[in-house]
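**Student:** prediction below, plus the sequence it came from.
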Amino acid sequence: MEYIITFKNTNLAIKAEQCLLEMKLHVSVLPLPSQISAGCGICLRIDQNEIKAALGSLADNEIGGIGLFSRATQNGLFIYEEVSPQGIRHKALKFE
């Protein structure tokens, strides 16, 4: 499983990417999946093993207003599930 982090605007996404790369975390910039209607047009993808460190770093650097989605593959489909930074699950969405 991996996580998708969304942002209110592109400037915050770029600032977050720089912050996480400085921490030597493995982060990728992606276009926002069309199934997610939150934030600007880009997002960051990060592995589940690094999400806690990433969220801590974003908080420490006062990068707020983020959205968080888990992303898994099931039967060839991506499943996005919105989660809170504390891990509370809100809703599940299935998409190709």
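**Tutor:** All right, it came through fine. Quick caveat: nothing in here was measured; it's all calculated off a predicted structure. Numbers count the residues shown, from 1 in each chain.
**Student:** now the lengthiest helix in the chain: how far from the chain's centre is it?
**Tutor:** The single longest helix within the chain, with elements called by DSSP state H, is helix 10-22. Centroid separation between helix 10-22 and its chain, computed with C-alpha atoms, centre = their mean, to the nearest Å, is 12 Å.
**Student:** what lies in contact with it?
**Tutor:** Here helix 10-22 makes contact (C-beta atoms under 8 Å, 6 or more residues apart in numbering) with 5, 7, 27, 29, 39-44, 46, 54, 57-58, 61, 63, 65-66. Glycine gets a C-beta too; all of them are placed from N, C-alpha and C.
**Student:** for it, buried residues please.
**Tutor:** Residues of helix 10-22 classed as buried by neighbour count (16 or more other C-beta atoms under 10 Å): Leu12, Ala13, Lys15, Ala16, Glu17, Cys19, Leu20.
**Student:** what does the following helix or strand past it contact?
**Tutor:** Later in the chain than helix 10-22, the nearest helix or strand by DSSP states H and E is strand 27-31. Here strand 27-31 makes contact (C-beta under 8 Å, 6+ apart) with 4, 13, 17, 20-21, 41-46, 50, 54.
**Student:** list the residues that contact the residue nearest to Asn9 when sequence neighbours are not counted.
**Tutor:** Closest residue to Asn9 apart from its sequence neighbours, by C-beta to C-beta, 6 or more residues apart in numbering: Cys40 at 5.1 Å. Residues counted as contacts of Cys40 (C-beta under 8 Å, 6+ apart) are Thr6, Phe7, Lys8, Asn9, Thr10, Leu12, Ala13, Leu32.
**Student:** likewise for Ala53?
**Tutor:** Ala53 sits next to Met23, Leu25 when contact means C-beta under 8 Å, 6+ apart.
**Student:** how much space between it and Glu22?
**Tutor:** Per C-beta to C-beta, to the nearest Å, Ala53 is found 12 Å from Glu22.
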